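>>> Please work out how this folds:
(one chain, ligands or ions: 1)
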Amino acid sequence: MKRLSILGSTGSIGTQALEVITSLPGEFQVVAMTARRNSALLAEQARRFQVKAVAIVDETAHDDLKERLADTRIEVLTGLEGLQAIAGRDDVDLCLNGIVGGAGMGPTIAALNAGVDVALSNKESLVMAGEYITALVQRKGVHIYPVDSEHSAIWQCLVGEQGDQIRRLILTGSGGPFRTWPREKLADVTRDEALQHPNWNMGPKITIDSATMMNKGLEVIEARWLFNLDPDKVDILIHPQSIVHSMVEFVDGSIKAQLGVPDMKVPIQYALTYPEHKPSQWPRLDLAQVATLTFEPPDLEKFPCIALAYDALIRGGSAPAVLNIANDLAVAAFLAEYISFPDIPAMIGKAVAEHPFVEHPGPEEIEDLGNWTRDHIVHTWNIHPPV
Ligand code: MG
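Next up is the predicted model:
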């Protein structure tokens with residue numbers, strides 16, 4: 001039995017991971033789990049999976065969680081220290097990190113430091129600290145298994161292949177809810193319109209990232225680190241049906257693709273069962289029913305977040321970290337209806353351009369940049385993003 005910890009167990013990835021685990025009886029033991037503030041669901045999950053320990057990050061939810069688990073022997077931790085303690089447990093084989101945003105970076109590093117492989121849904125970890133984390137992976141002899149559907153596709157296409165024979169990666173993206181909207185109309189986009197993703201059912205943060213297409217930009221940076229490729233070898237292709245999850249082109253012109261229905265349980269399951277494909281009960285792809293797959297180039301003028309991400313990746317150093325930190329804050333501000341949709345790239349671009357550049361940022365420098373970016377946004381935009 002593979003022993004697991006699940007970070008962010010009450011979120012979109014966490015709950016789907018628990019569905020996968022339930023569907024494969026006898027394969028996994030969930031040792032510990034964490035959530036941000038949903039103490040009721042975390043307590044229910046902890047009982048159902050008979051875990052040893054839980055952590056709730058929001059300290060105001062601690063007493064409630066403790067009370068709900070009072071008649072059990074489950075250890076209850078709290079705050080960021082509690083989260084780090086669970087992430088850093090060395091009595092598990094694999095840590096699934098389904099935390100949203102930059103808050104996931106510290107736990108990824110804690111797990112790797114404990115010598116534990118990470119099934120990584122939190123792409124922000126690699127966007128912010130790609131150089132530091134890939135060096136840590138090397139040093140510790142551990143692995144990162146991608147959960148992000150595009151990176152899972154590329155990973156599957158690369159089984160048995162040599163890295164030096166890759167000509168480029170082709171990351172597919174649906175184009176989000178505004179793919180066919182005229183550019184002028186994007187100024188008036190509402191929160192609810194941006195939360196309507198055409199194909200994927202995901203949490204609010206990544207859904208807004210999909211609407212701005214920053215999600216694809218962050219995925220380019222994630223791919224650069226996961227597969228150790230230069231930025232000019234990672235391309236984006238819009239594919240509105242979300243059936244082809246990504247592709248790899250080799251030096252001889254041959255292209256491999258991985259296909260499936262848009263259902264995160266498939267890449268979650270592969271990350272948990274790797275190197276095996278296990279039987280599953282999820283809906284299957286029927287290509288005769290889909291009938292048509294279409295592709296088009298991304299619209300870089302309509303979606304400036306894509307260019308911001310490429311520019312940050314090429315500049316390197318601390319630029320991608322600030323890009324991600326500013327994006328977390330801008331998305332939170334947009335969800336709170338403090339700023340408009342076009343303000344999101346404007347806010348990010350200004351923070352990246354003006355930040356105090358660091359060549360090789362580690363976790364401490366990135367934390368300092370987090371404080372700098374928040375102060376910069378508060379002063380420049382006169383808002384307090386609620387995150
Ligand atoms: Mg993705």
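>>> Distance check, the residue lying closest to residue 195 once chain neighbours are set aside against residue 150.
Leaving aside its chain neighbours, residue 195 sits nearest to residue 207 (5.4 Å; criterion: Cβ to Cβ, 6 or more residues apart in numbering). Heads up, the C-betas are built off the backbone N, CA and C, glycines and all. Residue 207 is 16 Å from residue 150, where distance means Cβ to Cβ, to the nearest Å.
>>> For residue 95, what is the enclosing helix or strand?
In the assignment (DSSP states H and E), residue 95 maps to strand 94-97.
>>> List the residues that contact residue 96.
Shown in contact with residue 96 (Cβ atoms under 8 Å, 6 or more residues apart in numbering): 4-7, 13-14, 17, 118-119, 121, 147, 268, 271-272.
>>> coming back round to it: residue 207 and residue 150: who's more crowded?
residue 150 (27 against 21; other Cβ atoms under 10 Å).
>>> Residue 157 is in contact with the more buried one, correct?
No - in this structure residue 150 lies outside contact range of residue 157 using Cβ atoms under 8 Å: 10.8 Å.
>>> any common contacting residues for the two?
Counting by Cβ under 8 Å, 6+ apart, the residues touching both residue 150 and residue 157 are residue 246.
>>> Could I get the average pLDDT for stretch 193-209?
For stretch 193-209, the mean pLDDT works out to 89.
>>> if we look at that stretch, which residues are touching it?
11-13, 100-101, 174, 176-178, 210-212, 215, 218, 240-242, 262, 264, 327-328, 331-332, 334-335, 341, 344.
>>> Mind checking which of those are in helices?
12-13, 210-212, 215, 218, 327-328, 331-332, 334-335, 344 (DSSP state H).
>>> Switch those residues over to JSON lines; also include neighbour count.
Below are the ones in helices among the contacts of stretch 193-209 laid out as JSON lines (neighbours: other Cβ atoms under 10 Å):
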{"residue": "12", "neighbour count": "20"}
{"residue": "13", "neighbour count": "28"}
{"residue": "210", "neighbour count": "24"}
{"residue": "211", "neighbour count": "27"}
{"residue": "212", "neighbour count": "28"}
{"residue": "215", "neighbour count": "26"}
{"residue": "218", "neighbour count": "26"}
{"residue": "327", "neighbour count": "32"}
{"residue": "328", "neighbour count": "24"}
{"residue": "331", "neighbour count": "28"}
{"residue": "332", "neighbour count": "20"}
{"residue": "334", "neighbour count": "22"}
{"residue": "335", "neighbour count": "19"}
{"residue": "344", "neighbour count": "27"}
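>>> now, among those, which is nearest to the ion?
residue 215 (6.3 Å; Cβ to the ion).
>>> which residues touch the residue nearest to residue 189 when sequence neighbours are not counted?
Counting by Cβ to Cβ, 6+ apart, the nearest residue to residue 189 once its immediate chain neighbours are dropped is residue 341, at 4.0 Å. Residues in contact with residue 341 (Cβ under 8 Å, 6+ apart) are 186-189, 194, 211-212, 334.
>>> Can you name the residue of this protein nearest to the ion?
residue 148 (4.2 Å).
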